[in-house]
Every structure is written in C-alpha cells, then in structure tokens.
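Participant: from the sequence below, what's the structure:
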Amino acid sequence: MKKKTLFITLISVFTGISVNAQSVYPGQHADKIKVKNVIPIKAYSFDLKDVKLLDSPFTDNMQREIDWLATLSADQLVHNFRLNSGIQTSSRGAMQGWERTEVELRGHTTGHVMSALALLYATTGDESFKLKGDSVVSALAEVQAVLNQDGYLSAYPQHFIDRNIAGKGVWAPWYTLHKIYAGLIDLYLYTDNKEALDVVTKMGMWAYKKLSPLTNEQLTTMLENEFGGIGDALYNLYAITGIPEIKEVAQKFYHKELLDPLANHTDNLAKHHANTFIPKIVAEARYYELTGGEKEKNITDFFWNTVINHHTYATGGNSDREHFFEADHIAEHLTGYTQESCNTYNMLKLTKHMFSWNPNPVYADYYENALYNHILGQQDPATGMISYFLPMLPGAHKVYSTPRESFWCCVGTGFENHAKYGEGIYYHDAGSLYINLFIPSELYWKNKGMKVRLETKFPDEENISLFINTDVAVNMPVKLRYPSWSSKAEVKVNGKNVSIRQKPGSYITIDRKWNKGDKIEVRFPMSVRTITASNDPSKVAFVYGPFVLASPIGTEGMQPPAPYSNPALHNDYYTYQYNLPEGIDTILKIDKDKPEQAIKPVAGQPLAFKVAGTDILLKPISRIHRERYVTYWDIEK
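Facilitator: Have a look, this model is predicted:
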C-alpha cells in the first residue's frame, strides 16, 4: 500500500499573544491570579483569545454547539435556581431530563453552560456570549441574596448537602456545585465579570463555614458520594482570591481511601466509578502546582500512566458502564456502554496540566488520540446532539441526546469540549514555540511579536501551511511534534532539506533566526498499524496515523428513536437496547503484524480503506454517525 503522508508547511509571522486556557492552568490569566504556582512550569499554553480557529471539522462542531446554546435562554438556565429561592419564575420551556425540577442533580448544566459561554467568548470574541453570561450571573446573584444562607447557591435546597454529610441517599450535590463554581470562575477569568467572582467567593466561604465543624468521620462519609472536581474549583478560587480558608476547605476533599493507595503505586481503579475518580486527580494536580507537594505529583503521575497504559481503549477513552475494570482486560469489556465522554474530558484536563510540568510528547500524543477519535466524533453532525458513550460492542452505534429531554453529564462537558479546541494546539516556554496539534488556526504571541497561521485540511490532504509575517527577525526554536504514529519525517526550511536526528515520539527542533516569509515544510508519513486489545493478542483495532478505523455496517434494526435516546427515559443511554442484527462477523484472516498488506486505500475517498478479498470498508470512527460499526476485530491468519 502506498503510504499517505501528512504535509506541513510553516511560514513565520508577526503580531501578538498572552496567557492560557480553561480554568486556571499554569500561566493562565496571570493578572487575575494572586497565588502563583510554586513548581517550575516548563510549557505554557496560550490563552484561548490568542488562538483563532480557522474552518475545519472542529469549527463545524463549535458552530453546532453555538446554535444549540442559542436555543437555551438565561431564564431557562436559572429556572430551578429561582424556584429554590422562591423567586417567581415562568415554567415555560423549562429544561427536562437531568434538569427536571424533581431531579436532584438539577443545576449542573447551568454551570457547564457558563463555562461554555466564557470559552466561546474567548475563542470568538463575540460579545453575545459575554452578555448572556452576564445575564445568568446577575440572576444567580439575586438568588444568592434572596436565599441569604451565608453565600449558599444552588438549584436545590441546602438540606441535600446535609443528607450527603449524614450519609443519606442523594444524587451528588457537591458534583453539581462544582459545575457552578467552575462556570462562575470561568466567566470571571474570560469575560472579566467581577460579579461572578463575588458570587463564587461567597460560595467558597459558605463551603468553609459548612464543613469546618465536621469531624473526620463525617467528612469520610460525605466523600463517599461523587463530588466531581469541587477540589479543583476551590484551589482555583484560592489562587484567584488568596483567601486561606478557601484553600483549607479544598483540602477537605482529599479522598484518603482512594488516593493514598495511588501514592503507594497501587492500582486500585477496578470497580470504581471512573468519572468520580478522575476529577479527584485533577484537584491533586492543581494542589501540586500551588504547593509543590511531591505526594500529589506522585499520585498524579501514577494515576495517569496507569489509566493510559492499562485501562484505555484504542480510541483514548476508558471505563465500561462508567466504571474502571481490572487492568489490561480491554478484550473482556467491548460493550455498548464503554468510554463515558466525561472521562475523556477530564483525562484531557489532567493531561494538559502534566504537559505543562514536563513537555513530553507522550502527553501530546494521547491528547491528539483522545481528541480526534473520541471528542471530535462525540457530536452528531446532523443535529449537534451529544453521545454519552463511545461503544465498542460490535454492531453498536452512538446514542445521542435530545435538545430538551437529556442534559446528561456528558451533554454538559460536551458544551465545554466543543468550545475550547484552541487550547492544546500551541504551547510555549520562555523562548520556544511548541506545535502539538495540526488544527487550522492562527496564533498571536505578543511577547515575541509573532503571528502564526496554520492552514490545513489534515487528515484529508497532506498539506499544512503556517503563514507568518515578521517585521523584526526573531531568534527562536520551533518545536514540531514528531508523532509516534509516523516515521521517516522530511523537513525543509525555505526549500532546503534539514537533517532530522529525532525519532518518532519526540520534537523536531528548528532553532534559527526567523524572518518574514520563512517557510518550513514537514512530511510525516502515515500508515496502517494495529493496536491489540490487552489480554487477547488476537483482538485488534486498526489505526491510520492518529485515526482509529472502524467499519460502518448500516442501520439494520435501528428503529426510531434510534440513534437518539428515548425522550421518555432520561437514563435511556445506560440501558439502551441496540437490537443487534444477527450474523455480525468480526473475524478477519490477515497478518496483524503487516496490516498494510490487506488494508488498501480506496481511490478518490480520503481516509477510506478496503480489506482485501472482502467488502469491508474502514474509515475513522470519528466520522461514523447514525449507523452501526465494528472497531475491534478477531484476527486469524
């Protein structure tokens, strides 16, 4: 098979840039941070406002999200908050699904939407996102004042927290509060809404007063219930305000029973709810940045490597029925309920922190894998609706939310996912520029006086071009990620070949004086390879470059409401019956060590392949929608 190549062109540019992306990652929003990181940061991401996305499938996803958000009014978003405080409100168009008035998790979507509005404002500069965020914040401030409960604010009464503390059944009240904290923090950081900071600071002080009198036994009981990333949000709030009581309350969310084994390098993930677990590690990563605690760094490193190397599918996601399973047992967990999208969202957040501490391309490789194969394909291109799982069951299909009747957790994180694609493309240290992802975009780096415009139709075409204008020559290393999926890269600077000593899974560093019109061309060959399901060497997925390939097999047996969730069943995603047709064949007789001998590109169809001697078509799983597919195959020679 002739290997397709990725072709990158870079041309130097000049203009401007600033600090960093979602929430408080290292280097972000420096003018608004009172408590600085104490650890050495080796790579900073750029602020979303300094990375403009150009036309691509990523911006298509973002536009569909924008269209959906436009249908949700500020009144709808604060409806249950007003009900909780006794403020008169209309029930017209009230949100359903997990946001129904009788559902205990109500209010979480509002937090996610506040974050999305902040991120979209930073990404696009469109004032309408800021204005909508301002309206939501003003309404929440009124609710907080009317409640008059030491700063407490939520869409449900405070006795939900009391039930949690007492160990009585209640659906994750701190989880919901985390989303509200995070949304208000993001609106402050990205839109400079000072009222949002005032509201969330009062919420932080309420949390301190609420939890300070509790015994260790009460805290232990409380932490058994899912509490999301509340620790991370509180550490971010502490960094912004410098209020020591907020740091103190954040530390109360250290879940000793789950986290201490990780500090001792014990893999205790099996049977634990994955999206309960991952945000706890994000909080420890943030604590490490603020304090330099080696225990927290140790926990973070061990957890990340354990998840990626022993609990992750080829597509970058993890979990089955929302739970981790025994290490290296992927082959036994190819079900219709694999890879909760929230897990991948949180793993990307964690990966971003870790790359800033140590710009190892292994983190960028994972980020690309999960972004292209899971997050990009999470959204239904026909409607913008969101899938909860990325199922690996042969013959399953993605099951999408509905516009008004779902509002699952993965819908909430989905609002954020598709608003912040610009955050992982570029990084920098004091003098170098890292290019990690090949997404069409423009970067402005004020400190260097540089503008970089990256144009590409990757992966459908091989060319990527970075057009730049430099009025003043700049001495600077440009570090191009040499993806681990490639080999035999070729580099030219201004038409002249450059010797490459680096290997795949590293950075190709070009250190020189850049002038106006300079041009770099890079060639990254792509080929078909296999990824074996752990504990079964005969079960494999096929990958081309960074793209996991799956076989679309039609819509037989998919009766309405498929591919959508049943609006009458708000948890239908979890009990969904796929009604698999009989006779789905997953057996292939090929040499798995030489897949290119049997898997051939289809002429005239980018990223389409046929398995020789069969009618099996393969294409990126992120591009398969509204029909069944097969990802993992049983190989026989």
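Participant: quick one: pLDDT of residue 517?
Facilitator: Residue 517 carries a pLDDT value of 85.
Participant: any idea which helix or strand carries it?
Facilitator: Residue 517 belongs to no helix or strand when assigned by DSSP states H and E.
Participant: got the phi/psi numbers for it?
Facilitator: phi 90, psi 0 (degrees, to the nearest 10).
Participant: got it, and residue 591?
Facilitator: Dihedral angles for residue 591 - degrees, to the nearest 10 - are phi -90, psi 110.
Participant: is it in contact with residue 597, as I believe?
Facilitator: Yes. Between residue 591 and residue 597 there is a contact at 6.2 Å, judged by Cβ atoms under 8 Å. From N, CA and C alone the C-beta is placed, and that goes for glycine too.
Participant: I'd like the next helix or strand past the helix or strand of the chain with the lowest mean pLDDT.
Facilitator: One helix or strand of the chain scores below all others by mean pLDDT, DSSP states H and E: strand 5-11, with a mean of 44. Following strand 5-11 in sequence order, the next helix or strand is strand 44-45 (DSSP H and E).
Participant: elements contacting the helix or strand just after that following strand?
Facilitator: As assigned by DSSP H and E, the chain's next helix or strand after strand 44-45 is strand 51-53. Using 3 or more Cβ pairs under 8 Å, 6 or more residues apart in numbering; DSSP states H and E, the elements in contact with strand 51-53 are helix 108-124, strand 441-445.
Participant: tell me the strands beside strand 51-53, with direction?
Facilitator: strand 441-445 (antiparallel) (DSSP bridges).
Participant: just the C-alpha atoms of the very next helix or strand once past the strand it pairs with, please, in PDB.
Facilitator: Counting by DSSP H and E, the element after strand 441-445 in chain order, helix or strand, is strand 450-456. The C-alpha coordinates for strand 450-456 follow below in PDB (Å, rounded to 0.1, in the frame of the first residue of the first chain):
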ATOM      1  CA  MET A 450       4.700  36.800  16.200                       C
ATOM      2  CA  LYS A 451       1.600  35.600  14.300                       C
ATOM      3  CA  VAL A 452       1.500  32.000  13.100                       C
ATOM      4  CA  ARG A 453      -1.300  31.000  10.700                       C
ATOM      5  CA  LEU A 454      -1.700  27.200  10.400                       C
ATOM      6  CA  GLU A 455      -3.700  26.100   7.400                       C
ATOM      7  CA  THR A 456      -4.500  22.500   6.600                       C
END
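Participant: okay, angle between strand 450-456 and strand 441-445 too, please.
Facilitator: 170 degrees (axes from the mean of the first three to the mean of the last three Cα atoms, to 10 degrees).
Participant: the helix or strand following strand 450-456 pairs with which strands?
Facilitator: The first helix or strand that comes after strand 450-456 along the chain, using DSSP H and E, is strand 463-467. Here strand 463-467 is paired, per DSSP bridges, with strand 5-11 (parallel), strand 450-456 (antiparallel).
Participant: for the helix or strand following strand 463-467, what is the average pLDDT?
Facilitator: Sequence order places strand 474-482 as the next helix or strand after strand 463-467, per DSSP H and E. Mean pLDDT, strand 474-482: 94.
Participant: let's see the helix or strand just after strand 474-482 as PDB, backbone CA atoms only.
Facilitator: Scanning forward in sequence from strand 474-482 by DSSP H and E, the next helix or strand is strand 490-493. Provided in PDB are the C-alpha atoms of strand 490-493 (Å, rounded to 0.1, in the frame of the first residue of the first chain):
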ATOM      1  CA  GLU A 490      11.200  15.100   6.000                       C
ATOM      2  CA  VAL A 491      11.800  18.700   6.800                       C
ATOM      3  CA  LYS A 492      12.600  21.700   4.600                       C
ATOM      4  CA  VAL A 493      13.300  25.300   5.500                       C
END
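Participant: what lines up beside strand 490-493 in the sheet?
Facilitator: Applying DSSP bridges, one finds strand 490-493 paired with strand 496-498 (antiparallel), strand 519-525 (antiparallel).
Participant: tell me the angle of the next helix or strand after the first one relative to strand 450-456?
Facilitator: Read in the C-terminal direction, the helix or strand following strand 496-498 is strand 506-514, with elements assigned using DSSP H and E. Strand 506-514 and strand 450-456 meet at an angle of 130 degrees, taking the same axes, to 10 degrees as the criterion.
Participant: buried stuff in strand 506-514?
Facilitator: 506, 507, 508, 510, 512, 514 (16 or more other Cβ atoms under 10 Å).
Participant: name every strand pairing with that strand and say which way it goes.
Facilitator: Sheet pairing for strand 506-514, using DSSP bridges, gives strand 474-482 (antiparallel).
Participant: give the buried residues for the partner strand.
Facilitator: Within strand 474-482, judged by 16+ other Cβ under 10 Å, the buried ones are 474, 476, 478, 479, 480, 481, 482.
Participant: in space, what's closest to the fifth one - neighbours in sequence excluded?
Facilitator: The one in question is residue 480. Sequence neighbours aside, residue 508 is the residue nearest to residue 480 in space, at 4.6 Å (criterion: Cβ to Cβ, 6 or more residues apart in numbering).
Participant: any idea how far residue 471 is from residue 633?
Facilitator: 55 Å (Cβ to Cβ, to the nearest Å).
Participant: re earlier: and of the buried residues of strand 474-482, the nearest to residue 110?
Facilitator: Closest approach between the buried residues of strand 474-482 and residue 110, by Cβ to Cβ: residue 481, at 36.9 Å.
Participant: report the separation between that closest one and residue 344.
Facilitator: Residue 481 is 20 Å from residue 344, by Cβ to Cβ.
Participant: again, but for residue 100
Facilitator: 27 Å.
Participant: higher neighbour count, the two?
Facilitator: Using other Cβ atoms under 10 Å as the criterion, residue 100 and residue 344 rank with residue 344 on top: 29 against 15.
Participant: so which helix or strand takes in the more buried one?
Facilitator: Going by DSSP H and E, residue 344 is part of helix 341-357.
Participant: what's the first helix or strand after that helix?
Facilitator: helix 361-370.
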